[in-house]
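# Here is a sequence together with a model predicted from it:
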Amino acid sequence: MSTFLLEIVTPERKVYAEQVNMVSVKGAEGELGILPNHIPLVTPLRIAPITVKKTGSKDEVIAVNGGFMEVRKDKVVILAESAELPEQIDIDRAKAAKERAEKRLVETKQDNVDFKRAEAALQRALNRISVSGK
């Protein structure tokens, strides 16, 4: 089965770079499954887990917090604001962030900028918690 190079890069570091068979992401317009030789594409990404499929191994899940994905014939590059592998996630810190965000959502008004920031913080925390599997 053919493969392509998947790279996940943040402003701080390269999080992931391996040959894979498929990657599944949540783009701005919905869920996308990318296979080898996919048509070229650039799309913004939502705050959501990315699923990576490789031959002979279990699916890998990576927490990606927004960014963009560029698909080329033999390579997919994800430029993310932040990204974490499950073993890199501090679950206690993620749960504390979730609680702080929920508290801020209750305290702020819907039309306030703080509401949108709290909502994004809650999405990031839930994404990290779901990827950690704990």
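Happy to help now that I have it.
# which residues of this protein fall in helices?
Ranges of helices in the chain, per DSSP state H, are 91-107, 113-132.
# most tightly surrounded among those?
Burial among the helices of the chain, expressed as mean neighbours by mean count of other Cβ atoms under 10 Å, is greatest for helix 113-132, which shows a mean of 17. Just so you know, the C-beta spots here come from the backbone N, C-alpha and C atoms, and that holds for glycine as well.
# Go ahead and confirm T51 touches V23.
Yes. Between T51 and V23 there is a contact under Cβ atoms under 8 Å: 7.1 Å.
# The two: which is more packed in?
V23 (23 against 16; other Cβ atoms under 10 Å).
# how near is the more buried one to I78?
Per Cβ to Cβ, to the nearest Å, V23 is found 8 Å from I78.
# what residues do these two have in common as contacts?
6, 50 (Cβ atoms under 8 Å, 6 or more residues apart in numbering).
# so who does the residue nearest the centre of the chain touch?
The centroid of the chain falls nearest to V64 when counting by Cα atoms, centre = their mean (1.9 Å). Listed by Cβ under 8 Å, 6+ apart, the contact partners of V64 are 8, 25, 45, 47-50, 78, 80, 82-83, 127.
# that older thread, any chance of the helices of the chain in a markdown table, with distance to V71 and mean pLDDT too?
Output for the helices of the chain, formatted as a markdown table (distance: least, Cβ to Cβ, whole Å; pLDDT from 0 to 100):
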| stretch | distance to V71 | mean pLDDT |
| --- | --- | --- |
| helix 91-107 | 29 | 79 |
| helix 113-132 | 22 | 74 |
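# Quick one: closest of these to R13.
helix 113-132 (17.0 Å; Cβ to Cβ).
# helices or strands up against that closest one?
When contacts are defined as 3 or more Cβ pairs under 8 Å, 6 or more residues apart in numbering; DSSP states H and E, helix 113-132 sits against strand 41-53, strand 60-71, helix 91-107.
# Tabulate the ones you listed (JSON lines), appending distance to E31.
Shown next, in JSON lines, are the helices and strands packed on helix 113-132 (distance: least, Cβ to Cβ, whole Å):
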{"stretch": "strand 41-53", "distance to E31": "9"}
{"stretch": "strand 60-71", "distance to E31": "12"}
{"stretch": "helix 91-107", "distance to E31": "23"}
